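[1] any chance you can model this:
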Amino acid sequence: MLLLTSLKLLNKMAGLQNLLEDYRNWSGLQDWKYKKQLEQMFGGDPQQLAEFEKWSSGFSPGNIGGGLAGTFIGKQAAERLGKGKIFEEGAERLAQKEFPRNVWQDTLVMQHPTTKEPLMAISDAPAVYKGPQVHQDYIERAKEKLNYLQKHQQKYPQDNLEMEIATLNNKINDANEGYFSGSLSDFMEHPEFFQAHPELKLANVEALPTLDALGEYRGYRQGMPEIGIHTDAALNKKLDPSQQGLSVLLHEGTHAVSHLTGRPSGASPGMMSDLGLQQLQSVEATPHIMGASDYDYFYNQAAENWALRRAQKYGEMTKRSNIKPSAIHRLADWYQYSNELRDALGPMPKRAGGARDSWMRNAFGILQNKAIEEGSSRYGSSFANRLQDLSLKDTANLERRLNRKLEKYGPAAREYRDIQSKYKRLGEMSEFDRYQRVADEALARQTQNMMHMTENELRQNYPMQDEMIGDVPVRDLVTMYIRGMPQR
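    Numbering: from 1, shown residues only. Model prediction:
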C-alpha cells in the first residue's frame, strides 16, 4: 500500500497514469481484487453492491439471513437454493410435533438443539479443498510482483522500492514457513454452499504455523469475517482426515455463519473456566427464576393442603361404620404405623362387625393424631387451627386452585431444575469437555462428521440420534452469544 500511495503521488506529479494502470493489472492488490470479486459475485448490480458494502462496513449481520455452515442452513439460505418450500414444510411439521427423524428423512430439516430454530441440511460431499494450491499461488504472486519491480526498478523512487522489495522477500520467506492467506472461496470450492452464503465468498482465511489450535473463527476484521487455520491443516499434513483443511474450514465456517445470522456462537476452552461457567448459568437460569420461585411457593401450599386433607379424611373415617380393611391397608401410613397400631389396639378383628368397626375407627383416630402432629411440626402450630376452620370441601377447592398454579409454573420450575443439574454436571468436567458441549461447537463437529455424506446418505443419518448430537448429550449443551472473540 505504501508503494501504491507513492505511485499515486508520482502520477499526480509526472502523469504516469499508464504505469499505474499497468501495475494494477498484474499486481492483484487486495483492494482492487476485492472490488472485482464483488462485481463478479453480484453481476455488477449497483443495488446489491451497495447493500453488501453497507453490510460489510458494520450493517447488522442478523438481517442477512443464511444458516449454519456446510451441512446446516437456515430459511433464507434455503430460498437461495430454491428449497424454500421444502424448508417451510419441514419447519411446519416440526412445529406440529411430528417425529423429528421422519421429518429429517423427508425434508432434511431438523431443529437447532438449543434454540429449536429449523435448519436444513445440504451435502458437503461435492466440496473440493484447494489449500495447497492457494499456498503455491500466494508464493507465485509475490514472486511475480518482485520480478516486476526488479525489472522496472528505474521507474520507482529508490527508498520506496527497497522497502517494497524487502516486504515481498519477507512475504515469500514467511509463506515458505507456512504463513499465507486467501479468501474462503480460494480455499474451498463448494458451489451450493456459496450459493446459500454468497456473503462468505470473500471471508479471509489466514494460515499460520504458530496457531495453538487447528482453526479459529476470529469475528470481523476490516468488515469481513476471518478464519485462522493451522498451516499443517491448511496443507493437509494431518493424518486424521477430520483435522485436514476442508474439515477445519467447515467447522470454523459454522461459527462464521452463526455470527452472520445472529445465532448462538462457538467458544474456546479458555472461555469455559469456572467463572465463565457461572456467568453462563446465570444467563440461562435467570428467565426461569421467578417461575421456579412461584412454583416452590405454591408447591409448599399444596403440600400443606394435602396434609390437611389427609388428616381430614382420617377424621371422616372415625365416624363411619362397615369399614373394609382395604380402606386402611392401602394407606402409606398403615405400613409406617402398623406395629404401633397393633400395640395400642391389639390385632385387627378378622370378622366384620362392631368390634372391627370400633378397631378401625380407633386406628384412624390414631393416624389422624399422627397426621396433625407431623403437620404441626412441619407447618407450624396454626396447622391444627386450620384443620378446625376448613371443611373437606374447602380443601378440595383449594387443591384445584393450587393444581392450576402448579401447572402454570411447572414448566419454568422443571427448566430451572434441569439447568441447575446440567451446570452441576458441567462443573465436574474439564474446561475442554465443557467447551465440547457448547451448542455451536457440537454442530460444527457434526458438520465435520457428515462432510462426506451425499444427500441420500444424510437422510439416513439423523444428526441427533438417541438424544446425542455427535459425541455429546443434547441435555448438556450450553448456548453462547459471544462476539468478537476467537471460536475454535
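[2] and the residue nearest to A344 when sequence neighbours are not counted, which of the three is it?
    In space, A344 comes closest to I366 once its chain neighbours are excluded; the distance is 6.3 Å by Cβ to Cβ, 6 or more residues apart in numbering. Quick note: C-beta positions are derived from backbone N, CA and C, even for glycine. In terms of secondary structure, I366 is helix; the call rests on DSSP: H, G, I helix; E, B strand; the rest coil.
[3] all strands for the stretch 51-200 of the chain, in order.
    72-73, 109-111, 118-121, 128-129, 180-183, 188-189 (DSSP state E, counting those that start in this stretch).
[4] tell me which other helices or strands the last one touches.
    Secondary-structure packing of strand 188-189 (3 or more Cβ pairs under 8 Å, 6 or more residues apart in numbering; DSSP states H and E): strand 128-129.
[5] residues in contact with the strand it packs on?
    Counting contacts by Cβ atoms under 8 Å, 6 or more residues apart in numbering, the residues outside strand 128-129 that touch it are 187-190, 236, 244-246, 249.
[6] pull the contacting residues for the nearest residue to I323 once chain neighbours are set aside.
    Taking Cβ to Cβ, 6+ apart, and ignoring the residues beside it in sequence, I323 has M360 as its nearest neighbour in space, at 4.2 Å. For M360, the set of contacting residues under the criterion of Cβ under 8 Å, 6+ apart consists of 317, 323, 325, 327-328, 348.
[7] how much space separates M360 from P325?
    Distance, M360 to P325, by Cβ to Cβ, to the nearest Å: 8 Å.
[8] what is the burial count for the nearest residue in space to P473 that is not next to it in sequence?
    Counting by Cβ to Cβ, 6+ apart, P473 lies nearest to E467, which is 6.1 Å off, once chain neighbours are set aside. The burial metric for E467, expressed as a neighbour count using other Cβ atoms under 10 Å, is 9.
[9] contacts only, for E467.
    Contact partners of E467, counting by Cβ under 8 Å, 6+ apart, are 473-475.
[10] what do M360 and P325 both touch?
    With Cβ under 8 Å, 6+ apart as the test, M360 and P325 both reach M348.
[11] do you know how far the residue of the chain most remote from its centre is from I323?
    Among the C-alpha atoms of the chain, the one most distant from their mean position (Cα atoms, centre = their mean) is that of G354, at 69.5 Å. Remark: distance between G354 and I323 (Cβ to Cβ) = 11 Å.
[12] mind pulling the model confidence for the spatially most central residue of the chain?
    Relative to the mean C-alpha position of the chain, the nearest C-alpha, by Cα atoms, centre = their mean, is the one of A439, at 3.0 Å. With respect to pLDDT, A439 scores 92.
[13] poorly predicted segments of the stretch 351-488 of the chain, please.
    Low-confidence segments of the stretch 351-488 of the chain (pLDDT under 70): 482-488.
[14] hmm, back to that, which ones among the contacts of E467 map onto strands?
    Filtering those for membership in strands, criterion DSSP state E, returns P473.
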